[in-house]
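Peer 1: Kindly generate the corresponding structure for this input.
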Amino acid sequence: MRPRTLLGLLIPLACAALFVRLGLWQLSRHQERAAYNAVLASRLVAPPAPVTTVAFGDSAALRGRRVTASGVFRYDREQVQAGRVSEGSPGVHLLTPLALPGTDTLLLVLRGWVYSADAAAVELARWREADSVSLSGYVLPLAPEGPAPPDAGRPLRTLSVAALEARVGAPLRPVLLVMTSDSVARADSVPRRLPPPRLDPGPHWSYMLQWFGFALVAIIGGVLLFRRQRRTERAA
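Peer 2: Below is the predicted model of the structure:
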């Protein structure tokens, strides 16, 4: 057997081994994502806890946790997150600090989505609700640091504790409370509440099947090519 013929078999087999390894890696990623989604789903159906009893040290353990909060909305320090889309329409998210009793640290509440033609400008006064509220929702951790527009009049696009504190002018808890409870305000002036986080399984399962398919093609193609070269050698 010529070395070239043997090499023509070993290269596809080596590629097949690599593809199988990549497929197994995608399988492990799929299993990790499924486990994470199961944990998040359990948090989203668990009974809510008062936000004042929640420890904010572990951000991974906070995501999706249901909480309740009571306080006073600080509309004078409200912020806008630009570039938010809902059902194909442009809009913004309204971020309203909530003053909790007994502390000067504010809790940032995402009250919901409202339409904006340019996905940036919005008439905030129209969307005000009650001042004193008792609400419920789920929390999402905020990044500690992040960029902020130099112009204080421009809406935010990315959220971070540092940027928001600079805008709000007061300390904030390191989470965003996504409000899900209904409001008793005027029906035509209530922001559209955001749905619970989507538990997407991700693309890892399809990637795994693709890598295994590549491995099968490499093996079959390598064996067929090897047999063809061997017949050519014998005929010669």
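
Peer 1: What is the longest helix seen in the chain packed up against?
Peer 2: Using DSSP state H to define each element, the chain has its longest helix at helix 3-45. Packing contacts for helix 3-45, counted by 3 or more C-beta pairs under 8 Å, 6 or more residues apart in numbering; DSSP states H and E, involve helix 204-235. The C-beta positions use only the backbone N, C-alpha and C, and glycine is treated the same way.

Peer 1: got the angle for the helix it packs on vs helix 3-45?
Peer 2: 170 degrees (axes from the mean of the first three to the mean of the last three C-alpha atoms, to 10 degrees).

Peer 1: Check which residues of helix 204-235 are buried.
Peer 2: 204-205, 207-208, 211-212, 214-215, 218-219, 222, 226, 229 (16 or more other C-beta atoms under 10 Å).

Peer 1: For it, give the mean pLDDT please.
Peer 2: For helix 204-235, mean pLDDT is 86.

Peer 1: quick one: it to chain centroid distance?
Peer 2: 39 Å (C-alpha atoms, centre = their mean, to the nearest Å).

Peer 1: list the contacts for the closest residue in space to Pro47 that isn't next to it in sequence?
Peer 2: The shortest distance from Pro47 to any non-neighbouring residue, by C-beta to C-beta, 6 or more residues apart in numbering, is to Arg66 (7.3 Å). Taking C-beta atoms under 8 Å, 6 or more residues apart in numbering, we find Arg66 in contact with 43-44, 46-49, 136-138.

Peer 1: Who is Arg66 paired with across the strands?
Peer 2: Following DSSP bridges, Arg66 is listed with bridge partners Tyr138.

Peer 1: Next, find the distance separating it from Glu233.
Peer 2: Here Arg66 is placed at a distance of 70 Å from Glu233 (C-beta to C-beta, to the nearest Å).

Peer 1: Now do the domain split for the protein, please.
Peer 2: Domain assignment of the chain by automatic domain parsing yields the ranges 3-41+207-235, 65-189.

Peer 1: Let's have those domains in TSV, adding distance to Pro195.
Peer 2: Formatted as TSV, the domains of the chain follow (distance: least, C-beta to C-beta, whole Å):
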stretch	distance to Pro195
domain 3-41+207-235	14
domain 65-189	8
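
Peer 1: Tell me which of those is the most buried.
Peer 2: Among these, ranked by average contacts under mean count of other C-beta atoms under 10 Å, first place goes to domain 65-189 (a mean of 16).

Peer 1: average pLDDT across it?
Peer 2: pLDDT averaged over domain 65-189 gives 87.

Peer 1: Distance from the chain centre to that domain, please.
Peer 2: How far domain 65-189 lies from its chain's middle: 17 Å, per C-alpha atoms, centre = their mean.

Peer 1: On the pLDDT front, check Leu62 for me.
Peer 2: So Leu62 comes in at 82 (pLDDT).

Peer 1: Apologies, that question was intended for Leu6.
Peer 2: pLDDT at Leu6 comes out at 70.

Peer 1: Looking at the buried residues of helix 204-235, which is nearest Gly83?
Peer 2: When the buried residues of helix 204-235 are ranked by distance to Gly83 (C-beta to C-beta), His204 comes first, at 27.8 Å.
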